[in-house]
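Novice: coordinates only, sequence not included:
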RNA sequence: GGCUCUAUCGUCUAAUGGUUAGGACACGGCCUUCUCAAGGCUGGAAUCGGGGUUCGACUCCCCGUAGAGUCACCA
C-alpha cells in the first residue's frame, strides 16, 4: 500500500440469517482497523441471492450494529447496483475473460437449491498459480486449475458473489479486506478476476473463525445466538465489544478491559490469532458482570429500566434502594425479573412466602423460646428508629451490640427469616430497609406470633 | 476424498532460541460472614507425536496425527 493511500475497509454481510457473534467480530476488527488508520469503514449488504436474502435479516444486522455502537461511513446494497455489475460482466466478456456458457441441465431437484439455468456466464480460468500474502497468515498459495471456469453471473442482470465482491471492492476503493477464514479459499478466484480486470487486489486478512462448543464454525444454521438476543437478555454492548475483541486478538500485556477507543489505540492485525476460538458464554457473562458493577446507580437504572417489573417501576424510590443489591446479584439485566419473582431471591419484597416456623431456628441450635426472645428484642429496638431515619445502617447500628452479646447468628438468622421467609437473601438490615419500617414491624410481629 | 488453514492448561491466551511455561474464565480450598452473593487470598491444570537444526527448542525445518474451513447457478 502506498503511503498516501487512505485505508478503506468494509463489512459485507449477506442478509440470510441473524447477525451473531462471529459476524460481529469480523465487523468489529474491520472497523477498528479503519479507525486506527484514520480511514473509512463501509457497510455493504450482499443481497444478490434473492431467494435467501430477507429484509428482516437486513434489519437485524442494522439494529445490531447500531446497538453495539459500530458506525460506518458509507452504506451500499448490492441489489441497487445491478447496472454497475452488468457493465463489468460485459467488459469481461468483451476482453475474452468470460463467456456465456450453454449448460447441460440435469433434472435433479436438490432441496433448497435453485433450478439450474440453461445459460450462465462463466469466468475463463487461466489456470495459474496465485499467491497472496495474508496479513495474518503469511504466504498462501493456490493452484487455480482445479477451480475450473466458475460462474460469475446467472445472467447479465444476476451477478453472483465472486463478481460482485471484486467489482464493489474495486469501485469502493477497499484497501484491506478483513473477513473470516472461511473466505480464504474464495480469495484465489477473486484475485483472478482482479487480474482479468487489470486491477490490483487489496490486502487480505483472514481472521480465524469463532467456534461453537463442538469446535465447528459458529453459524446461523447451527443456531448461533443472534446478537439481538443478548440485547433482549440485557447485556451491555461494551461487555460484548470487550469480550469479542479479546477473542482472537491479544494486547502486548495482560490488560483485559478495553473500551472501543482503547481498542482502536492498541489493536494490531499481527497480534490476531491464527486458530479458531470457541465462544464462551461464561466469560462473556463475567465481562458483563464486571461492567454492570462499574455502572453508577444512575446509569444502572437507565439500562435496567426496561427490565424492572411494573409493580416496582411504578413505585416510589424502591428502585434506587434496590440498585446496589441488584448490581451484585445479576449477570445481565434480564435476571432482574427472576430475582424479583415470587420464587426469586428478592421475591419477599412484594410478598413474603409462607414458611414453617422451624425455619426461624438458626442451625437448629437455639429453641423457639430463645428465637422468640431475640425477635422480640429486635422488634423493640427497631421500633425505636424513626420512619425518617430507617436505613440499613441505622438498623445495623441499633441491633449490633445486642447481637454481639447474644450471638449474631442467634439474632440475625431469625430476624432475616422473619423478614424474608427465605433461606437466602441479602442481610437483614438491607431487607428491613427495603421493606420499610411499617412492613418490617408487621413481619416481625407475625413471626413472633408464630412462635407463641 | 482434493485443496487450504490451524495446533500451549477444560476454555480464551502470554512467552517470536535460554522463564520455576505467565495471565484471565471456569473449577477446588481458605478468609470474610446470620444465609446467599460480592470481595480477598490460594490450589490443581497445558507446550499433539516423531524426527531433525542448535550448546539450548513452546518457539525454526520435515514427517505424521488431529481439528477446522472449503469444494453451488450461497455468500
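Specialist: Yep, it's here. Predicted model only: the values in this text are computed from it and were never measured.
Novice: and the residue nearest to residue A:385 when sequence neighbours are not counted, how far from residue A:187?
Specialist: Excluding the flanking residues, the one nearest residue A:385 by CB to CB, 6 or more residues apart in numbering is residue A:394, at 5.4 Å. In short, each C-beta sits where N, CA and C put it, glycine included. Counting by CB to CB, to the nearest Å, the gap from residue A:394 to residue A:187 is 69 Å.
Novice: what parts of the stretch 101-250 of chain A come near RNA strand B?
Specialist: Counting by CB under 7 Å from any atom of the strand, the stretch 101-250 of chain A comes close to RNA strand B at A:103, A:105, A:113-114, A:116-118, A:120, A:137-143, A:146, A:150-151, A:154, A:160-161, A:181-186, A:208-209, A:211, A:214-217, A:246-248, A:250.
Novice: how about 6 Å then?
Specialist: Residues of the stretch 101-250 of chain A lying near RNA strand B by CB under 6 Å from any atom of the strand: A:103, A:105, A:113-114, A:116-117, A:120, A:137, A:140-142, A:146, A:151, A:154, A:160-161, A:181-182, A:184-186, A:209, A:215-217, A:246-248, A:250.
Novice: now the buried members of these.
Specialist: A:120, A:137, A:140, A:142, A:151, A:154, A:160-161, A:181, A:184, A:209, A:217, A:246-248 (16 or more other CB atoms under 10 Å).
Novice: who does the lowest-mean-pLDDT helix or strand in chain A touch, helix- and strand-wise?
Specialist: Of all helical and strand segments in chain A, the minimum by mean pLDDT, DSSP states H and E falls on helix A:310-313, at a mean of 77. Applying 3 or more CB pairs under 8 Å, 6 or more residues apart in numbering; DSSP states H and E, we find helix A:310-313 packed against helix A:318-329.
Novice: my read is that residue A:28 contacts residue A:245, right?
Specialist: Yes. If you go by CB atoms under 8 Å, residue A:28 and residue A:245 touch, sitting 6.3 Å apart.
Novice: ok, the two, which is more surrounded?
Specialist: Under the criterion of other CB atoms under 10 Å, the comparison of residue A:28 against residue A:245 puts residue A:28 first, with 25 against 21.
Novice: and the helix or strand where that one lies, what's its mean pLDDT?
Specialist: Secondary structure assigned from DSSP states H and E places residue A:28 in helix A:21-36. Taken as a whole, helix A:21-36 carries a mean pLDDT of 97.
Novice: just give me how far the host helix or strand of residue A:285 sits from the chain centre.
Specialist: Using DSSP H and E, residue A:285 sits within helix A:281-294. Averaging C-alpha positions (CA atoms, centre = their mean, to the nearest Å) puts helix A:281-294 11 Å from its chain's average.
Novice: show me what it is packed up against.
Specialist: By 3+ CB pairs under 8 Å, 6+ apart, helix A:281-294 packs against helix A:237-245, helix A:318-329.
Novice: let's go with 7 Å and repeat that
Specialist: helix A:237-245 (3 or more CB pairs under 7 Å, 6 or more residues apart in numbering; DSSP states H and E).
Novice: what is the orientation angle of the helix it packs on with helix A:21-36?
Specialist: 90 degrees (axes from the mean of the first three to the mean of the last three CA atoms, to 10 degrees).
Novice: quick check: the closest residue in space to residue A:259 that isn't next to it in sequence vs residue A:283, distance?
Specialist: Using CB to CB, 6+ apart and skipping residues adjacent in sequence, the residue nearest residue A:259 is residue A:238, 6.7 Å away. Applying CB to CB, the value for residue A:238 to residue A:283 is 15 Å.
Novice: the two: who's more crowded?
Specialist: residue A:238 (19 against 13).
Novice: now the strands for chain A?
Specialist: Along chain A, the segments classed as strands by DSSP state E run A:8-11, A:40-45, A:74-77, A:98-102, A:119-123, A:129-134, A:138-143, A:151-155, A:158-159, A:176-180, A:203-207, A:210-211, A:277-278.
Novice: deepest-packed of these, please.
Specialist: With neighbours taken as mean count of other CB atoms under 10 Å, the strands of chain A reach their highest mean count in strand A:8-11, at a mean of 25.
Novice: that one packs against which elements?
Specialist: With contacts defined as 3+ CB pairs under 7 Å, 6+ apart, the packing partners of strand A:8-11 are helix A:21-36, strand A:40-45.
Novice: and the first one with strand A:203-207, angle?
Specialist: With the same axes, to 10 degrees defining the directions, helix A:21-36 sits at 140 degrees from strand A:203-207.
Novice: how about helix A:21-36 and RNA strand B, touching?
Specialist: No. Helix A:21-36 is not in contact with RNA strand B by CB under 6 Å from any atom of the strand; minimum separation 10.0 Å.
Novice: so which elements touch that helix?
Specialist: Using 3+ CB pairs under 7 Å, 6+ apart as the test, helix A:21-36 ends up in contact with strand A:8-11, strand A:40-45, strand A:176-180, strand A:210-211, helix A:237-245, helix A:260-266.
Novice: let's have the ones you listed in TSV, adding mean pLDDT.
Specialist: Shown next, in TSV, are the helices and strands packed on helix A:21-36 (pLDDT from 0 to 100):
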stretch	mean pLDDT
strand A:8-11	98
strand A:40-45	98
strand A:176-180	98
strand A:210-211	96
helix A:237-245	97
helix A:260-266	97
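Novice: fine by me, thanks again.
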